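[1] below are the sequence and a predicted model for it; my questions follow.
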Amino acid sequence: MGTGEPAVRRREAARVLLLDSADRLLLFHGFDPAEPARTWWFTPGGGLEPGEDSRAAARRELAEETGLTGVELGPVVAVDLALFPYDGERYEQHQSFHLARIRRTGPEPDSSGSEQQERAQLRQARWWTLADLRRTTEQVYPVRLAELLALLLEQGPPVDPVRL
């Protein structure tokens, strides 16, 4: 509308809080192609495809980004509205965070199922302890992830999703 600002792209996303048998959380280290020096850590997941619900998207994204299939998804434990710039565009993303566990100590993720563009923007995958999250000075999304993980480890999944 004449402001020079790009339109906001609205989308729904499903994210996965994937815990291994040692209660470590898988996060990816990524960057913005428009600003490669701006980096952050984030959970597996992504946008819903047409006709897909959050649970199906979470399973698909987890398989694409980690190579893990057959992971039993637990409930949606948190919801969030993320507003962010990415690759020269502005996004408003409604996110649902599904809890999932694997019964082994964190395997090395295999992102070969992801699109080449997505793989190119990931620098690293790492399994994080709660202590790691609490002491890091790096940017982690969602911002209150350490607080949410502490709640999940101490009390289990909430009856109603936590609003981040």
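    All right, it came through fine.

[2] end to end, how far does stretch 126-137 reach?
    One end of stretch 126-137 sits 15 Å from the other (C-alpha to C-alpha, to the nearest Å).

[3] ok now it, how far from the chain's centre?
    Taking C-alpha atoms, centre = their mean, to the nearest Å, one finds stretch 126-137 lying 15 Å from the centre of the chain it belongs to.

[4] state the mean pLDDT of that stretch.
    Here stretch 126-137 scores 97 as its mean pLDDT.

[5] 584 is where my numbering starts, stick with that
    Right, with 584 as the first residue, what we last looked at is stretch 709-720.

[6] which of the residues in that stretch are buried?
    Trp710, Trp711, Leu713, Leu716 (16 or more other C-beta atoms under 10 Å). Quick note: C-beta positions are derived from backbone N, CA and C, even for glycine.

[7] out of the residues you listed, which sit inside helices?
    Leu713, Leu716 (DSSP state H).

[8] packing partners for the biggest helix by length in the chain?
    Longest helix of the chain, by residue count under DSSP H: helix 637-649. Applying 3 or more C-beta pairs under 8 Å, 6 or more residues apart in numbering; DSSP states H and E, one finds that helix 637-649 contacts strand 591-602, strand 628-630, strand 656-669, strand 672-684.

[9] same thing but at 10 Å, please
    Here helix 637-649 touches strand 591-602, strand 608-615, strand 628-630, strand 656-669, strand 672-684, helix 699-703, strand 705-711, going by 3 or more C-beta pairs under 10 Å, 6 or more residues apart in numbering; DSSP states H and E.

[10] ok, Glu684 - contacts?
    Small correction: residue 684 is Arg, not Glu. Neighbouring residues of Arg684 by C-beta atoms under 10 Å, 6 or more residues apart in numbering: Leu600, Leu601, Leu602, Asp603, Ser604, Asp606, Val654, Glu655, Leu656, Gly657.

[11] how about a cut-off of 8 Å?
    Counting by C-beta atoms under 8 Å, 6 or more residues apart in numbering, Arg684 touches Leu601, Leu602, Asp603, Ser604, Val654, Glu655, Gly657.

[12] so which of the residues you listed is the most crowded?
    Leu601 (27 neighbours; other C-beta atoms under 10 Å).

[13] poorly predicted segments of this structure, please.
    Applying pLDDT under 70 to the chain flags the ranges 584-587, 689-706.
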